[in-house]
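**Student:** output the structure for:
(2 chains)
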Amino acid sequence: MSGVSKLNPTAAGDNSTAAFDVERVRRDFPILSQEVYGKPLVFLDSGASAQKPRVVIDAVRECYETYYANVHRGAHYLSQRSTDAFEEARTTVAKFINAATEDEVIFTSSVTESINLVAATWGRKFLNEGDEVIVTEMEHHANIVPWQMLAQEKGIVLKIVPITDKGEFRIEDFEPLVSDRTKLVAVTECSNVLGTMVPAKQVIKLAHEKGVPVLLDGAQGIVHRGVDVQDLDVDFYAFTGHKLYGPSGVGVLYGKWDILNSMPPYQGGGDMIERVSFKGTTFKEPPHRFEAGTPPIAQVIGLGAAIKYLSELGMDRISAYEQGLVAYATERLKCIEGLKLYGEAADKAAIFSFVVDGTHPFDIAAILDRAGVAVRVGQHCAEPLMDRFGIEGTVRASFGLYNTRGDVDALVAAIEKAKGMLT
Amino acid sequence: MSLSMEKYDDFIEALEIIDDEDMRFEYIIDVGKRAKKEEFPTEWQVDGNLMHGCMSRVWIVDEPKDGRHYFRGDSDAIIVKGLVTMMTESFSGLTSEELSELNVEQVHRLNLGALTTQRQVGMLAMLEHLKKLGRKNAS
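**Tutor:** The predicted model follows:
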């Protein structure tokens, strides 16, 4: 490994002594102060994409207004400044997730691309017919379809960890699935529908005892809990910028450096090569080997700003604050007659999926919208999970660090209103 | 266009009288609830009658008679059922040629855009679906 600097492990979550001032936080998000349909906006769709604090908006604008140029190859001042800012963001990400080195951080476009990258490179190289990949019943399609494509191409087999009626992941349901044929465990860290947190550390320990690497889909998990990849000892960790209060269009794949270095390139093109000739081409080391073409420059810089913002607030404090919302929202929602909540795991993040007797989720969401309450409706890219519960879809209210108990109250009032109108 | 579309005119008039957006929403729900009382046979709720691309399921059936088209629609969501009903009741009784003359104006005149753009887009998709059925069943 060359050019690697050891990072100071100041992972997310210092600053835990001061109280979490949600009203101050809300003022950092300009979009939240507006009204929709003449009512105060209650934004409960952060699980789909979170809103952006002013520091992120400013960082992206500043990039475009003052120093934007292509990175890594320009022989001029602006290009050097852009490159510095871009690579500084990589270091910021590495520190935030406590990677051993910034060379373990690959910028992609999304979690979807991060997982596809692993499937297309590591998967194609190391998986063969009959090899097994373990996923759960509550995966997002992004962590199902890439493996199914590999199953069609190479004959690998998917093993599915069932979840309980309460939406719980139980280690005793997972353990028996790990066999001599298991070559990868690829599971969500936090269900985007149920909020269920997977006991990732236990999963990884069990898998590693049998020599099996683990990929975590951290799209939702990192938002609510932060992550320490060295403490988890996870092999791959995928997350996205836009759910983490950063810009859309940028994702991250963390991978242990030795594993990344064993993988062939993903896409071919500029910026990922050492030397190109018609006799043959040699490739750069990770992470650049996996970053062909011009990357999402301003978006990466914006993600760096988002992570600095979160680090200043402290992920531990954000998480503790959100857990208060989870308890309050659970209590309030369960008091609504006819409301069925999906996802009642003891350890869950602030994501609430539900249906209301005698109504269609679409109708509830449409009336909530008119009340200024923004939620998501449908299958949430998790059709197998909908099949598991025998439902067509749910309404999903997903909370972020800027939501309040007042938002819970507004949600509950709007659901009661919708019930009155529809039944 | 001088098409005679009595039901369509009724809907426009009703929606014009209601000046509160939330009340207009309730009106659409009421149209859906009223329509729910008339049975849409379950054997019609099949993939062949599904209109694709909706967030809820929408079925539309064309029963042509004497060269005119008579539509019936259903949805598992009540608001969408209301919107489908407004469309099927408004534009039933037209010939294929008359259907082909319908355009975005007919949807805009219902003035549902204020409710949300999404509804408006859905209505336009429904109109195109009715026209397609009209062409398909022209013979």
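**Student:** mind listing the strands for chain B?
**Tutor:** Secondary structure of chain B (DSSP state E): strands at B:58-62, B:68-69, B:71-75, B:94-95.
**Student:** how about the ones you listed, which one is nearest residue A:251?
**Tutor:** When the strands of chain B are compared by CB to CB, strand B:58-62 sits nearest residue A:251, at 34.3 Å. (Glycine included, C-beta is placed from N, CA and C.)
**Student:** what is the neighbour count of the residue of chain B found nearest chain A?
**Tutor:** The nearest approach of chain B to chain A comes at residue B:77, 3.9 Å away (CB to the nearest CB). Per other CB atoms under 10 Å in any protein chain shown, the neighbour tally for residue B:77 reads 25.
**Student:** next one, pLDDT for it please.
**Tutor:** pLDDT recorded at residue B:77 is 90.
**Student:** go through chain B and flag its longest helix.
**Tutor:** In chain B, assigned by DSSP state H, the helix with the most residues is helix B:117-136.
**Student:** would you reformat the strands of chain B as TSV and include mean neighbour count and distance to residue A:330?
**Tutor:** Compiled in TSV, those are given as follows (neighbours: other CB atoms under 10 Å in any protein chain shown; distance: least, CB to CB, whole Å):
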stretch	mean neighbour count	distance to residue A:330
strand B:58-62	20	34
strand B:68-69	19	51
strand B:71-75	25	31
strand B:94-95	20	52
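**Student:** of all these, which lies closest to residue A:354?
**Tutor:** Of all the strands of chain B, strand B:71-75 sits nearest to residue A:354, with 20.7 Å by CB to CB.
**Student:** excluding covalently adjacent residues, which one is nearest to the spatially most central residue of chain B?
**Tutor:** In chain B, the residue lying closest to the centroid (CA atoms, centre = their mean) is residue B:87, at 1.7 Å. Residue nearest to residue B:87 in three dimensions, not counting chain neighbours: residue B:126, with 4.7 Å by CB to CB, 6 or more residues apart in numbering or on different chains.
**Student:** okay, the strands of chain B in JSON lines with distance to residue A:140 next?
**Tutor:** Conversion of these to JSON lines gives the following (distance: least, CB to CB, whole Å):
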{"stretch": "strand B:58-62", "distance to residue A:140": "26"}
{"stretch": "strand B:68-69", "distance to residue A:140": "42"}
{"stretch": "strand B:71-75", "distance to residue A:140": "27"}
{"stretch": "strand B:94-95", "distance to residue A:140": "45"}
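**Student:** need those strands in a markdown table with distance to chain A, can you?
**Tutor:** Shown next, in a markdown table, are the strands of chain B (distance: least, CB to the nearest CB, whole Å):
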| stretch | distance to chain A |
| --- | --- |
| strand B:58-62 | 11 |
| strand B:68-69 | 27 |
| strand B:71-75 | 8 |
| strand B:94-95 | 29 |
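**Student:** so, low pLDDT: which residues of the chain?
**Tutor:** Chain wasn't specified; assuming chain A. Chain A contains residues with pLDDT under 70 at A:1-17.
**Student:** if you could check chain B rather than the one you did, that'd help
**Tutor:** B:1-4, B:53-55, B:113-118, B:120, B:139.
**Student:** so what touches stretch B:63-71?
**Tutor:** With CB atoms under 8 Å, 6 or more residues apart in numbering or on different chains as the test, stretch B:63-71 has contacts from B:60-62, B:72, B:87-88, B:91-96, B:99, B:130, B:133-134, B:137.
**Student:** kindly report the same for stretch A:378-393.
**Tutor:** Residues outside stretch A:378-393 that contact it (CB under 8 Å, 6+ apart) are A:137-142, A:144, A:160, A:162-163, A:191-194, A:342, A:353, A:355, A:361-362, A:377, A:394, A:396, B:55, B:57, B:76.
**Student:** just the buried residues of these.
**Tutor:** Taking 16 or more other CB atoms under 10 Å in any protein chain shown as the criterion, what is buried in the contacts of stretch A:378-393 is A:137-140, A:142, A:144, A:160, A:163, A:191-194, A:342, A:353, A:355, A:361-362, A:377, A:394, A:396, B:55, B:57, B:76.
**Student:** now residue A:119: closest residue in space, sequence neighbours ignored.
**Tutor:** Counting by CB to CB, 6+ apart, the residue nearest residue A:119 is residue A:146, at 3.8 Å.
**Student:** same check, this time on residue A:235
**Tutor:** In this structure, residue A:235 finds its nearest non-sequential neighbour in residue A:213, 3.9 Å apart by CB to CB, 6+ apart.
**Student:** same check, this time on residue A:398
**Tutor:** That would be residue A:47: by CB to CB, 6+ apart, it lies 2.9 Å from residue A:398.
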